[in-house]
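Peer 1: Fold the following for me, if possible:
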Amino acid sequence: MIRLKRVYEPREEADGLRVLVMRRWPRGIRKDRIDLWFRELGADLTLLRDWKAGRVTWPERRQRYLDGLRVAEAATQLDELRDLARGKTVTLICACKDESECHRSLLKGVLEGRD
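Peer 2: Next comes the predicted model:
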């Protein structure tokens with residue numbers, strides 16, 4: 001089971017393995033709040049800047065993120081995450097406020113075979 005959560009939300013027993021999927025460590029978060037950090041599964045920093053500046057639409061952001069998962073380092077971490085998620089609960093964590101326009105929701109779709 002794949003769950004989604006903001007990094008600022010408290011840990012819950014139901015979270016299972018908490019995996020941070022951001023390129024940079026979030027401010028104010030202690031290391032003991034995260035079990036694993038897969039930075040290569042975070043959105044590319046250039047893509048994030050373009051998104052925040054309004055230079056890309058959601059469909060373009062979505063496609064660029066999914067394309068980025070094919071890069072060797074990201075693909076390796078994606079395979080490792082897939083293995084970890086077999087038969088376990090994994091919670092994907094990042095700082096995005098809006099889950100509907102967040103790369104963690106795209107990553108969940110990939111892991112569940114929807115994308």
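
Peer 1: Select the longest helix from this structure.
Peer 2: What stands out as the longest helix in the chain, according to DSSP state H, is helix 72-85.

Peer 1: Now the element after it, going C-ward?
Peer 2: strand 90-94 (DSSP states H and E).

Peer 1: Can you check what angle separates that following strand from helix 72-85?
Peer 2: For strand 90-94 against helix 72-85, the angle by axes from the mean of the first three to the mean of the last three C-alpha atoms, to 10 degrees is 140 degrees.

Peer 1: which residues touch strand 90-94?
Peer 2: Outside strand 90-94, the residues within contact range by C-beta atoms under 8 Å, 6 or more residues apart in numbering are 1-7, 15-22, 26, 34, 42, 81, 84, 102-104, 107-108. Bear in mind the C-beta positions are built from the backbone N, C-alpha and C, glycine included.

Peer 1: and that strand, C-alpha only, in PDB?
Peer 2: Extracted in PDB, the C-alpha atoms of strand 90-94 (Å, rounded to 0.1, in the frame of the first residue of the first chain):
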ATOM      1  CA  VAL A  90       5.200   2.900   2.300                       C
ATOM      2  CA  THR A  91       4.400   6.600   2.800                       C
ATOM      3  CA  LEU A  92       5.900   8.900   0.200                       C
ATOM      4  CA  ILE A  93       6.700  12.200   1.800                       C
ATOM      5  CA  CYS A  94       7.500  15.700   0.400                       C
END
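
Peer 1: average pLDDT across it?
Peer 2: Across strand 90-94, pLDDT averages out at 97.

Peer 1: helices or strands next to the least confident helix or strand in the chain by mean pLDDT in the packing?
Peer 2: When the helices and strands of the chain are scored by mean pLDDT, DSSP states H and E, helix 45-52 comes last with a mean of 92. The contact analysis (3 or more C-beta pairs under 8 Å, 6 or more residues apart in numbering; DSSP states H and E) places helix 45-52 against helix 58-68.
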